[in-house]
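K.L.:
sequence and predicted model, in that order:
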Amino acid sequence: MSVTYKVTERINPRDLTLPNKFYARIVNGDDVSFDELAGIISKVSNLNYGTVVGTLATLIEVIEMQLIHGRQVRLSSLGTFFLTLSSEGTEVEEDFRTANIKGARIRFRPGAKLKKMVKGLEFEKVIAPSEAAA
C-alpha cells in the first residue's frame, strides 16, 4: 500500500526572499481515536475491549509519571518518549535561573520497527480534480 501525497506551493522555509517552491505533503485520512484504536486492538487480539482501554489508559498515566521524573520511556520497537527543555542562555552558569526555562516538550524517537517501515514506504501522487479534467 502506498502513502498518498499531493503537491502544494509554499514559501521556501530556509529563505523567505526566494520565490515559492512546490513541496510534497501527505494526504492525511481521518484520525484514529483512542476508543477506535482500543476496538481495533481488541479485534486483532484475544483481549476484550475493556481490558485494552484500561491498559492503554494506564500506559498513558505511567508514561506521564516517568517523564515527570526525568526518565525516558522506551516502548520496545515502537520508540522512546522523552522531555526536552527550551531555555534562554546565560553567559555564566551561576546566572541561570528557573525563569530562563521557557518550556518543555514531549519528544518521540521512533524505534527500529517504525524506522524500517518509513524506509520501505512507497508513494503515490493524488491527482487533483483540476489535473484529472485536463
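P.N.:
Thanks, I have it.
K.L.:
buried residues, stretch 58-77. List them.
P.N.:
Buried positions in stretch 58-77, judged by neighbour count with 16 or more other Cβ atoms under 10 Å: 67, 73. Just so you know, the C-beta spots here come from the backbone N, C-alpha and C atoms, and that holds for glycine as well.
K.L.:
could you tell me the end-to-end distance of stretch 77-96?
P.N.:
Distance across stretch 77-96, first residue to last, is 38 Å (Cα to Cα, to the nearest Å).
K.L.:
I misspoke; the intended subject was stretch 21-32.
P.N.:
End-to-end distance of stretch 21-32: 32 Å, with Cα to Cα as the criterion.
K.L.:
kindly report the same for stretch 16-31.
P.N.:
OK, stretch 16-31 end separation, Cα to Cα: 32 Å.
K.L.:
got a list of contacts for it?
P.N.:
3-12, 123, 126 (Cβ atoms under 8 Å, 6 or more residues apart in numbering).
K.L.:
rerun that using 6 Å as the cut-off
P.N.:
Contact partners of stretch 16-31, identified using Cβ atoms under 6 Å, 6 or more residues apart in numbering, comprise 4-12, 126.
K.L.:
specify the beta-bridge partners of the residue nearest to Ser2 when sequence neighbours are not counted.
P.N.:
Take Ser2 and drop its neighbours on the chain: the residue closest to it by Cβ to Cβ, 6 or more residues apart in numbering is Glu124, 3.8 Å away. Glu124 has the following beta-bridge partners by DSSP bridges: Thr4.
K.L.:
returning to what we had before: just the buried ones from the contacts of stretch 16-31?
P.N.:
Buried members of these, scored by 16+ other Cβ under 10 Å: none.
K.L.:
which residues touch the residue nearest to the spatial centre of the chain?
P.N.:
By Cα atoms, centre = their mean, the chain has its centre lying nearest to Phe108, at 6.8 Å. Contacts were defined as Cβ under 6 Å, 6+ apart; by that measure Phe108 touches 79, 81.
K.L.:
one more: the one 5 residues further on?
P.N.:
Contact partners of Lys113, counting by Cβ under 6 Å, 6+ apart, are Ser77.
K.L.:
quick revisit: what kind of secondary structure is the residue nearest to the centre of the chain in?
P.N.:
Following DSSP: H, G, I helix; E, B strand; the rest coil, we place Phe108 in the strand state.
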